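K.L.:
What shape does this take:
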Amino acid sequence: MGDEDGSCSVKQPLVEDEERSGVPYAGWGLIKKLPKSIWFIFGTEFCERYSYSAVKTILLIYLTDALLWSEQTATIIFHAFLFCSYLTPLFGANLADSWIGRYKTILFLSVFYVAGHALKSVGAIPMGGGEHLWQLTVFGLLLLALGSGGIKPCVSAFGGDQVPANHHEEREVYYQLFYFFINTGSLFSMVITPMTREKVDCFGDHCYALAFGIPAVLFVIAIVIFVAGTPLYKIEPPHGSVVTDFYRTIKLAFHNKAEYNQPVEKFVYHAFPEYPKCWLDDVDHALKGLLIMMPLPFFWMGFEQQGSSWLLQARQMNGDLGYFQIYPDQMPAVNSLLVLVFLALVANVIYPVCRRMRLLTTQLQRMGAGMFLGGLAFLAAFLLQIQINDKAAFATLADQEASVWLINSAPCSVRASASQDHGHMDIGPMETARFFFPEPASGLGMRVSPVECPPGVQSTDPELTFEMPDLGALETLFVVVYMDRELHLRQHHGFGSEQVSVKTETGVKIYNSAETEAILNIATSDGVQYFNIEPSSLTLQKPLPEGISSISVDIGGWSEQIEVSTKYRSLYMVTIVPDLHNQDERSYELKVITIHDADRVSILWQLPQYIILTLGEAMLAATAYDFAYSEVSMRLKSMMQSLLMLAIAYGNVLAGLLFAFLPPSRLVQFGVFTLLIFGAGILFAVVANNHTYRGEIIPSDDYEPLRDKTTGGYGGTDTPTH
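P.N.:
Here you go, the predicted model:
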């Protein structure tokens, strides 16, 4: 309601500004005072977050491994999906506040949510030829983004409606528990869904249809739980076109300032008396909240990369711990697990200790600390990537660069040297080496000299040359073979890093050095594969499951069988070479060479960056929910919640744009993200330094709507003049 001067009546803050949001963190006993209806909302949120997080967890791997999209394309699509998921909350908030209320909005948009799940699950079923209908996947993701994003601000704000407006401590405990159930649901999905994807087979491949189908069932359960609590809910009616009025108010303030330029206390007061000061004060606080939120997209730009660049980083690492396997898409579960611990830790340990030192006493100070920790997490990811790059078997090549692989299948150690002073390297029997040529050149050569050969091996020096390309990168392979008592050097093109990158399955290549066609069969837990290998040729990469595979070869009546023990995301070459102990007869040996060994860097080295980022999230995200809720009246709460989601949306836009334009080097990408997040943290500190918190607004049942439904006029003591 409006006072005589058109201003809002407000209650005094429960605590002083510097102590705001400090006391409730010690009040976990207030949980028992929460309304019973809130527990239905918690159950709904648990199932809904399981549903959404399951899709988000395996989406990038599905796009790269099932749809066979490039890592860059898949990463951009991933962040585009997240952008839509966090853009649609603005639509959901406007629908709830202006037309049908939060309760009906949640039910209405759930229809799109279910439809998106259904299309996406059907699209994951391979059709004829093993291809997937990517169109169903994309359309399903769009519907999923509309449904999940549209209900996001409504569910959180609907729960806030159940707590009396003047019970600040209980409401803050509600938001902490709300965030607890968000992360509990996410945690379960991030552990279970990758195991479903990896361990369950259907349609002759990983069962993505089931991995996407289970979340669909969980969301149906979420709807059932939500509807079951209906008799207990406090359902607020819509308050009118809040987004439209918000926009018109700002537009009118700009117009009147330009037209009359009267001195006013606040900028929005230029819209008085057309709008009452009660409403204008609300708009003013909303604008100040928006100003505070401007740097937040940079934090979310980094945070959301748990499912993209951090996941791709994990795929370069070794998740085999001996007693169990950690899959790359399970690592984000660390965030959901730790945030449950850190929410209690910051509430009961960190904040009380800091408050005694007069540190982190306000909401914005805590959010600023979270921003800084986000930058620190990416600094840790940057340092880890340096270690990965140092030990990686494959490196990305730029235009006009060349990389030469040399595989020694001969019984001698050899010394390989490249022309133009590129150095030399000694390579033992059944070992590999790699040469890099960073600058464009022509006529580059490779010479191989035998070292410490057994008796009978001719000391020849085979040599081949190759030309650098005018454009693009060159990746080639030389194989040292021993035939007819001499060393031979054979070159094979098409050995590009895209064929052997760690995004593919564990695999094997077969090299037949004989001058006779070989018949090969590979027996694995997935079945038996048969194919022929031409003389002196290299096969394409053949996928292998982890564990023991049996490989047998038949050449002109000679046959042999070996077992190959494969590790996760590793690449091997089985070479068919002459038997030195039986040179008078045409007999051969099978030798296994490890080309890429995934045991380079343990995936556990990602834990520091997850720990730091999760601590930053516990400080920033839960606090931001309450900040967005408490800074405005009941009428604008859903809109402010949706604008908080919009900050996450813009963070994904920033991530997608940067991935589109930055070089493919993950090290460069992490370095840029680190600088941007730290810079945004500094900007946040500057903007938040002089912020004044809003007092508690009177309950909505005492707060008149902006527009009078019977007269078409505005609430308050003044009416518009035009």
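
K.L.:
residue contacts, the closest residue to residue 213 other than its chain neighbours?
P.N.:
Leaving aside its sequence neighbours, residue 213 sits nearest to residue 121 (CB to CB, 6 or more residues apart in numbering; 4.5 Å). Just so you know, the C-beta spots here come from the backbone N, C-alpha and C atoms, and that holds for glycine as well. For residue 121, the contact set (CB atoms under 8 Å, 6 or more residues apart in numbering) comprises 140, 209, 212-213, 216.

K.L.:
Out of these, list just those in strands.
P.N.:
Here DSSP state E is the test, and the contacts of residue 121 give no hits in strands at all.

K.L.:
quick one: which of those residues has the most company?
P.N.:
Ranked by neighbour count (other CB atoms under 10 Å), these have residue 212 at the top, with 28 neighbours.

K.L.:
All the helices of the stretch 301-450 of the chain, residue numbers only.
P.N.:
With helices called from DSSP state H, counting those that start in this stretch, the stretch 301-450 of the chain shows them at 309-314, 332-345, 351-356, 363-391.

K.L.:
Now tabulate these in JSON lines and tack on distance to residue 244, mean pLDDT and mean neighbour count.
P.N.:
Shown next, in JSON lines, are the helices of the stretch 301-450 of the chain (distance: least, CB to CB, whole Å; pLDDT from 0 to 100; neighbours: other CB atoms under 10 Å):
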{"stretch": "helix 309-314", "distance to residue 244": "39", "mean pLDDT": "92", "mean neighbour count": "24"}
{"stretch": "helix 332-345", "distance to residue 244": "36", "mean pLDDT": "87", "mean neighbour count": "20"}
{"stretch": "helix 351-356", "distance to residue 244": "39", "mean pLDDT": "91", "mean neighbour count": "15"}
{"stretch": "helix 363-391", "distance to residue 244": "29", "mean pLDDT": "91", "mean neighbour count": "21"}
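
K.L.:
possible to save these as a markdown table with distance to residue 537?
P.N.:
Output for the helices of the stretch 301-450 of the chain, formatted as a markdown table (distance: least, CB to CB, whole Å):
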| stretch | distance to residue 537 |
| --- | --- |
| helix 309-314 | 32 |
| helix 332-345 | 42 |
| helix 351-356 | 66 |
| helix 363-391 | 31 |
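
K.L.:
To residue 281, which of those lies closest?
P.N.:
Nearest to residue 281, of all the helices of the stretch 301-450 of the chain, is helix 363-391, at 19.5 Å by CB to CB.

K.L.:
How about residue 221: what's its closest non-neighbour residue?
P.N.:
In space, and not counting its chain neighbours, residue 221 is closest to residue 47: 5.0 Å by CB to CB, 6+ apart.

K.L.:
Remind me what the host helix or strand of the one you found packs against, helices and strands.
P.N.:
Here residue 47, judged by DSSP states H and E, is contained in helix 37-61. Packing partners of helix 37-61 (3 or more CB pairs under 8 Å, 6 or more residues apart in numbering; DSSP states H and E): helix 71-87, helix 101-123, helix 134-161, helix 168-199, helix 208-228, helix 309-314.

K.L.:
The fifth one: how far from the chain's middle?
P.N.:
Mean C-alpha position of helix 208-228 versus that of the full chain (CA atoms, centre = their mean, to the nearest Å) differs by 22 Å.

K.L.:
Run through who's touching it.
P.N.:
The contact list for helix 208-228 (CB under 8 Å, 6+ apart) reads 40-41, 43-48, 50-52, 54-55, 58, 62, 66, 106-107, 110, 113-114, 117-118, 120-122, 124-125, 189, 192-193, 196-197, 200, 202-203.

K.L.:
Would you mind giving the helices and strands packed on helix 37-61 as CSV with distance to residue 385 added?
P.N.:
Output for the helices and strands packed on helix 37-61, formatted as CSV (distance: least, CB to CB, whole Å):
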stretch, distance to residue 385
helix 71-87, 15
helix 101-123, 32
helix 134-161, 29
helix 168-199, 22
helix 208-228, 28
helix 309-314, 6
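
K.L.:
among those helices, which gets the worst mean confidence?
P.N.:
Note on the helices and strands packed on helix 37-61: lowest mean pLDDT is at helix 168-199, with a mean of 85.

K.L.:
Give me the mean pLDDT for the very next helix or strand once past that one.
P.N.:
Next along the chain after helix 168-199, taking DSSP H and E as the criterion, comes strand 201-202. Averaged across strand 201-202, pLDDT comes to 81.

K.L.:
Strand 201-202 pairs with which strands, and in what direction?
P.N.:
Taking DSSP bridges as the criterion, strand 201-202 forms sheet pairs with strand 205-206 (antiparallel).

K.L.:
The strand it pairs with: how far from the chain's middle?
P.N.:
22 Å.

K.L.:
Now do that strand: everything it contacts.
P.N.:
65-66, 126, 130, 197-198, 200.

K.L.:
Show me which of the residues you listed are buried.
P.N.:
Neighbour counting by 16 or more other CB atoms under 10 Å classes 65-66, 126, 197-198 among these as buried.

K.L.:
Is it correct that residue 591 falls within a strand?
P.N.:
Yes - assessed with DSSP: H, G, I helix; E, B strand; the rest coil, residue 591 lies in a strand.

K.L.:
That one is in contact with residue 577, isn't it?
P.N.:
Yes - contact criterion CB atoms under 8 Å: residue 591 and residue 577 qualify, at 5.8 Å.

K.L.:
which residues do those two both contact?
P.N.:
residue 409.

K.L.:
Compare the helices of the stretch 301-450 of the chain and give me the one nearest residue 405.
P.N.:
Shortest distance between residue 405 and those, using CB to CB, is found for helix 363-391: 16.7 Å.

K.L.:
so what's residue 160 up against?
P.N.:
171, 174-175, 629, 637.

K.L.:
Which member of these is positioned nearest residue 529?
P.N.:
Closest approach between the contacts of residue 160 and residue 529, by CB to CB: residue 175, at 54.9 Å.

K.L.:
contacting residues around that closest one?
P.N.:
156, 160, 622, 625-626, 629.
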